[in-house]
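Undergrad: here is my input; please provide its structure:
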Amino acid sequence: MKRQITFLISVFLLLFFSAKSQTEQSNFRLQFVPMFGDSIATTSGIVSAGNNNYHLSKCRFYLSNFQFFDADQKLISTESQAYLLDIEDPQSLIIITTKPKNATYIMFGVGIDSINNVSGAMGGALDPTKGMYWSWQSGYINVKLEGNFNGPHIKKFEYHLGGYAGENACYNTSAFIPISDTLNIGVSLSEFLNLAEAQETFKIMSPSATAAQLSKVFAALFQPLNP
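TA: Take a look at the predicted model:
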């Protein structure tokens, strides 16, 4: 009987400390850096990248559903909070969250998922006064990019990417991103704008198949930068 009790206690302690080691958390800082080529994107003037010149007047996008994975890319935990990042508010480009100590990779949603869209307008980062909400029918704008292509002729662009229903769903997830002590994640805006310009797409203001396609492109822009 004593041996059985001792064995059960040992198993309990093993499971307890194993679970504890997986749930122990530490503060984690991510900084997102919108980029034009090798230059940090700003709204203060014209920026050159490759063969194009850009003038950016607005860059805002939602990130949500941060997920942490172990070295085998098995899910450990999820944080469902939504964040609104705005290039004109540098502090909004820094996200402080917590991560399990054994987390090796991170993945996040780019935009607002269908569950939050059908819940109607909400508060905090999802408050309609933030200017990122169409209506209960169309839901949230996941990405808002506005500005000009400054080539031989100035061409205005407006990309309001959103939509959560059917083939027009614009919510996507990032790739797996390795976690480091200081994680800076670049967002290659010029890559997105070059593709949109090549397709001669300069204005999107409602859910559509084109918006869904470009949303997938935008979600693939997030890549870790060298410290």
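
Undergrad: tell me the helix or strand right after the host helix or strand of residue 63.
TA: Using DSSP states H and E, residue 63 sits within strand 52-69. Past strand 52-69, further along toward the C-terminus, the next helix or strand under DSSP H and E is strand 75-86.

Undergrad: strands paired with that next one, and their directions?
TA: Next to strand 75-86 in the sheet, as set by DSSP bridges, lie strand 52-69 (antiparallel).

Undergrad: buried set for the strand it pairs with?
TA: 52, 54-56, 58-69 (16 or more other CB atoms under 10 Å). Yep, even glycine has a C-beta here, placed from its N, CA and C like the rest.

Undergrad: residue 184: which of the residues you listed is nearest?
TA: Relative to residue 184, the closest of the buried residues of strand 52-69 is residue 63; by CB to CB it sits at 14.6 Å.

Undergrad: now for that closest one: which residues touch it?
TA: By CB atoms under 8 Å, 6 or more residues apart in numbering, residue 63 lies in contact with 32, 82-83, 85, 95, 108-110.

Undergrad: would a markdown table of the residues you listed with distance to residue 188 be doable?
TA: Written out in a markdown table, the entries for those read as follows (distance: CB to CB, whole Å):
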| residue | distance to residue 188 |
| --- | --- |
| 32 | 12 |
| 82 | 22 |
| 83 | 19 |
| 85 | 15 |
| 95 | 19 |
| 108 | 16 |
| 109 | 18 |
| 110 | 13 |
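
Undergrad: now for the residues you listed, which sits with the most neighbours around it?
TA: Per-residue neighbour counts (other CB atoms under 10 Å) across the contacts of residue 63 peak at residue 110, which has 25 neighbours.

Undergrad: what are the bridge partners for it, then?
TA: Going by DSSP bridges, residue 110 is paired in beta bridges with residue 63, residue 172.

Undergrad: pull the helix or strand with minimum mean pLDDT from this protein.
TA: Counting by mean pLDDT, DSSP states H and E, the weakest-scoring helix or strand in the chain turns out to be helix 2-23, with a mean of 47.

Undergrad: show the average pLDDT along the helix or strand that it is followed by.
TA: Downstream of helix 2-23, the next assigned helix or strand under DSSP H and E is strand 25-36. Mean pLDDT, strand 25-36: 92.

Undergrad: and the angle from strand 25-36 to strand 52-69?
TA: Compare the direction of strand 25-36 with that of strand 52-69 by axes from the mean of the first three to the mean of the last three CA atoms, to 10 degrees and you get 160 degrees.

Undergrad: which neighbours does strand 25-36 have in its sheet, and in what orientation?
TA: Applying DSSP bridges, you get strand 39-40 (antiparallel), strand 94-100 (antiparallel), strand 183-188 (parallel) as the partners of strand 25-36.
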